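Trainee: attaching a predicted model along with its sequence, questions to come.
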Amino acid sequence: MAREAAISSKKKNKTRIKTEKYFDYSLLFIVIFLVCFGLVMIYSTSAYNSQIVNDGDSFYYLKRQCLFAVVGLGGMFFVSRIPYTFWKRLSLLAYIGINGLLAVVLVYGAASHGQRRWIQIGPMQFQPSEVAKAVLIIFLAHVASESVRRLKSWKGVVKSFALALPMIILVTVSNLSTGIILLGISFIIIFVASNQYKIFAAVVGGGIGLMFVFLQVAAYRMDRIEAWLNVETSEYGYQTRQALYAIGSGGVFGKGLGRSIQKLSYVPEAHNDMIFSIICEELGLFGAIAIILLFILLLWRCMIIANNAPDLYGALIVVGVMAQIGLQVVINIGVVTNTLPNTGIPLPFISYGGTSVVFLLCEVGLVLSVSRGIQFKR
């Protein structure tokens, strides 16, 4: 009788144990805050120049970014409701499609600043290279999760990199900075999925060699290297010099929101790639550190989700998104502070750019979708 009672009590305890699905609200709130902060800074940095260029409409860039932010947030919530495993079925088709689209851009794309990077659809433009980041993440996560055993040999690692190489080359021809991001995403996803760490030294060497070749292809890229090394005297270092003036004049607590001087036609692309310099000028070192800490917190939440993901595919998706956001933050801030050579990388969620913010938010939706698959016991 005692044994039967013990068994029945165990069964009752098991039935009492309930599992609940997890959803990372901390990550959601951080992303929404960064997007809203980005809208404030875009208005602050663009209002003066927008009023001059756009017939007195100081809200021109803000209205456009608000539209894209709403679309992106809608996409994020929509993607977060779809089981992330659904994207396995579409990953190969999406990979083929985006490579074709990138090839079309090189021939028929709309040009800006001397480079063909956009596709024009009526009054709207979108940048396929931003779509390529999301596609590469879901495709390479699928490949790596399905071929873990092959990634334990150097041949498997090389083959996985070879699959990503066409997309990287197609992007790098006209957009070296985005090519570097794609290469970094590929490296980190495969590195996490493989245990052949020695071969990655050779991969890094090959990646540096490939980037050097593309530096030589276009003369303006070497001019940026020269400007980086001699920012005080180089004729090509004007943008970086003005950004450094903005950072230095901000001090510890800044001049106050909206009171930047350097954004008044001194810092080119102040609302875009150089927006961090205006953050430093208006909000000071305190504001800059606060934003950096928010990005660190965002990456930490992503790491928690990756560590608890239901399967390797979900974990690698989150790792890919972490890689993209982390690399863009490091490179953008490195460029603004002249730690790295000047290259056009937007600050995630904050810099002006419709395609960038829409697909970044959709990638966050992927991360939230993975978090929904996590279950914990009550």
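Mentor: That came through, no problem.
Trainee: give me the next element, helix or strand, following the longest helix along the chain.
Mentor: The single longest helix within the chain, with elements called by DSSP state H, is helix 275-307. Heading C-terminal from helix 275-307, the first helix or strand you meet, by DSSP states H and E, is helix 312-336.
Trainee: how about that next one: buried residues?
Mentor: 312-329, 331-333, 335-336 (16 or more other Cβ atoms under 10 Å). (Glycine included, C-beta is placed from N, CA and C.)
Trainee: how much does the longest helix of the chain deviate in direction from helix 312-336?
Mentor: In terms of direction (axes from the mean of the first three to the mean of the last three Cα atoms, to 10 degrees), helix 275-307 departs from helix 312-336 by 160 degrees.
Trainee: please renumber so the chain begins at 26
Mentor: With 26 as the first residue, the last one maps to helix 300-332.
Trainee: quick one: buried residues of helix 300-332?
Mentor: In helix 300-332, residues buried by neighbour count (16+ other Cβ under 10 Å) are 300-309, 312-313, 316, 319-320, 323-324, 326-327, 329-331.
Trainee: and that helix, what does it pack against?
Mentor: Applying 3 or more Cβ pairs under 8 Å, 6 or more residues apart in numbering; DSSP states H and E, one finds that helix 300-332 contacts helix 50-78, helix 263-275, helix 337-361, helix 379-397.
Trainee: and these: which comes nearest residue 212?
Mentor: Among the helices and strands packed on helix 300-332, the nearest to residue 212 by Cβ to Cβ is helix 337-361 (8.1 Å).
Trainee: now the closest one and helix 50-78, what's the angle there?
Mentor: Using the same axes, to 10 degrees, helix 337-361 lies at 40 degrees relative to helix 50-78.
Trainee: so which elements touch helix 337-361?
Mentor: Under the contact rule (3+ Cβ pairs under 8 Å, 6+ apart), helix 337-361 is packed against helix 153-171, helix 201-218, helix 263-275, helix 300-332, helix 379-397.
Trainee: can we see that at 10 Å?
Mentor: helix 111-133, helix 153-171, helix 201-218, helix 263-275, helix 300-332, helix 379-397 (3 or more Cβ pairs under 10 Å, 6 or more residues apart in numbering; DSSP states H and E).
Trainee: looking at those helices, which is closest to residue 292?
Mentor: helix 263-275 (4.5 Å).
Trainee: could you check that closest one and say which residues are buried?
Mentor: So, applying 16+ other Cβ under 10 Å, buried residues of helix 263-275: 264-272, 274-275.
Trainee: now swap in stretch 375-382 and tell me
Mentor: Within stretch 375-382, the residues scored as buried using 16+ other Cβ under 10 Å are 375-382.
Trainee: looking at those residues, which is nearest residue 390?
Mentor: residue 382 (12.7 Å).
Trainee: right, and that closest one touches residue 97 too?
Mentor: Yes. In this structure, residue 382 is within contact of residue 97 by Cβ atoms under 10 Å, at 5.1 Å.
Trainee: per-residue confidence at the residue nearest to residue 122 when sequence neighbours are not counted?
Mentor: Among residues not flanking residue 122 along the chain, residue 160 sits closest, at 8.0 Å (Cβ to Cβ, 6 or more residues apart in numbering). Note for residue 160: predicted pLDDT of 95.
Trainee: got it, and the one 3 residues further on?
Mentor: Each residue has a pLDDT score; the one for residue 163 is 95.
Trainee: residue 390 is in contact with that one, correct?
Mentor: No. The criterion here is Cβ under 10 Å, and residue 163 misses it with residue 390 at 11.9 Å.
Trainee: quick one: low-confidence residue ranges for this structure.
Mentor: For the chain, residues meeting the criterion pLDDT under 70 lie at 26-46, 134-141, 146-148, 221, 228, 232, 235-236, 239-246, 401-403.
Trainee: got the buried residues for the helix or strand containing residue 182?
Mentor: If you go by DSSP H and E, residue 182 is part of helix 179-197. Neighbour counts over helix 179-197 (16+ other Cβ under 10 Å) mark 181-182, 185-186, 188-189, 192-193, 195-197 as buried.
Trainee: cool, stretch 390-400 as well?
Mentor: 390-399.
Trainee: can you tell me the closest non-neighbouring residue to residue 93?
Mentor: Once flanking residues are discounted, residue 93 sits nearest to residue 379: 3.8 Å by Cβ to Cβ, 6+ apart.
Trainee: residue contacts, that neighbour?
Mentor: By Cβ atoms under 10 Å, 6 or more residues apart in numbering, the contact list for residue 379 reads 89-90, 92-94, 96-97, 149-152, 155.
Trainee: next: residue 66.
Mentor: 282-283, 285, 288, 295-296, 300-301, 303-304, 307-308, 312, 316, 372, 375-377.
Trainee: go again with 8 Å.
Mentor: Applying Cβ atoms under 8 Å, 6 or more residues apart in numbering to residue 66 gives the contacts 296, 300, 303-304, 375.
Trainee: of the residues you listed, closest to residue 173?
Mentor: Among those, residue 375 lies closest to residue 173 (Cβ to Cβ), at 36.1 Å.
Trainee: overlap in contacts, residue 382 and residue 97.
Mentor: residue 60.
Trainee: isn't residue 316 right next to residue 307, touching?
Mentor: No. The pair residue 316 / residue 307 is not scored as a contact, 11.8 Å apart, by Cβ atoms under 8 Å.
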